[in-house]
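Undergrad: I would like the atomic coordinates for the input below:
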Amino acid sequence: MEEVKNRRSLITACVISGLFLFIIVFFDQIDIFFKDLNYLLSTLFVLIFFLILSISFIKNVVFVLKNRKNLKPPIYMPSIIYAATIIFCFTLPSSEILESKAIVSAGYKGTQNQATINFRANKKFELHWSATFGYNEWFIGNYSQNRDTLFLKYEGSKPYRFGEKILIKNGSLVTLDKPKDSDQYFVPFKIK
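TA: A predicted model of the protein is given here:
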């Protein structure tokens, strides 16, 4: 009976740790997939998962201390797995290393919002715009380049403060297709 409980504890540790590491490493891809999910909700989900991991670690350490006279690997292995997971979540690289190399990266930082855009070597781009109170939106698509001009083709919705025809000028990305009668503020992105 005790062996079944220890095995279940080890399997639970592996599942919780594996899911948590997956979520941490692929957080941006998950965020892009669930475009309409509020950024605060997805961050809250990660925080709750981290609390579950931490509480499970503490419970298992207490269990190990209570059974220190009969210490066997099935008893202390879950603690090691939880501890390694907590360390790895701060040291593992993000899924950015699996993406195509960013040729041009730029960003915009306002008082209440910010945005980053990456133009990849495989002719894809992703624009991430976030703001206070949980605004979080991803714009993805393909691009082509003619000298210092980038032509963007969005796969879904388009941002209203960034265009489809972009000029690389003096270390900035500037929208060229702003309508003349528009009162919208089209923001320049500074190249990193």
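Undergrad: so for the longest helix belonging to the chain, what gets flagged as buried?
TA: Taking DSSP state H as the criterion, the chain has its longest helix at helix 39-66. Neighbour counts over helix 39-66 (16 or more other Cβ atoms under 10 Å) mark 39, 42, 50, 53, 56, 57, 60, 63, 64 as buried. (C-beta placed from N, C-alpha, C; glycine too.)
Undergrad: the fourth one contacts residue 82, doesn't it?
TA: So the one you mean is residue 53. Yes - the pair residue 53 and residue 82 qualifies as a contact (Cβ atoms under 8 Å) at a distance of 6.3 Å.
Undergrad: show me whatever sits in contact with both of these two.
TA: When Cβ atoms under 8 Å, 6 or more residues apart in numbering defines a contact, the residues bordering residue 53 and residue 82 alike are 16, 17.
Undergrad: mind putting the buried residues of helix 39-66 in CSV, pLDDT and distance to residue 128 included?
TA: Putting the buried residues of helix 39-66 into CSV (pLDDT from 0 to 100; distance: Cβ to Cβ, whole Å) gives the following:
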residue, pLDDT, distance to residue 128
39, 64, 10
42, 74, 13
50, 90, 22
53, 90, 26
56, 90, 32
57, 91, 32
60, 89, 37
63, 86, 42
64, 86, 42
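Undergrad: can you add distance to residue 178 and give these back as a markdown table?
TA: Compiled in a markdown table, the buried residues of helix 39-66 are given as follows (distance: Cβ to Cβ, whole Å):
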| residue | distance to residue 178 |
| --- | --- |
| 39 | 27 |
| 42 | 32 |
| 50 | 43 |
| 53 | 47 |
| 56 | 53 |
| 57 | 53 |
| 60 | 58 |
| 63 | 63 |
| 64 | 63 |
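Undergrad: in those, find the pair that's most separated.
TA: 39 and 64 (37.4 Å; Cβ to Cβ).
Undergrad: now the helices for the protein?
TA: For the chain, applying DSSP H gives helices covering 2-25, 27-33, 39-66, 73-91.
Undergrad: now residue 78. Nearest residue, chain neighbours left out?
TA: residue 13 (3.6 Å; Cβ to Cβ, 6 or more residues apart in numbering).
Undergrad: show me what contacts that neighbour?
TA: The neighbours of residue 13, taking Cβ under 8 Å, 6+ apart as the test, are 56, 60, 77, 78, 81, 82.
Undergrad: kindly report the same for residue 44.
TA: Contacts of residue 44 by Cβ under 8 Å, 6+ apart: none found.
Undergrad: how near is it to residue 24?
TA: Distance of residue 44 to residue 24, given as Cβ to Cβ, to the nearest Å: 15 Å.
Undergrad: swap in residue 153?
TA: For residue 153 relative to residue 24 (Cβ to Cβ), the value is 32 Å.
Undergrad: neighbour count winner among these two?
TA: residue 24 (18 against 12; other Cβ atoms under 10 Å).
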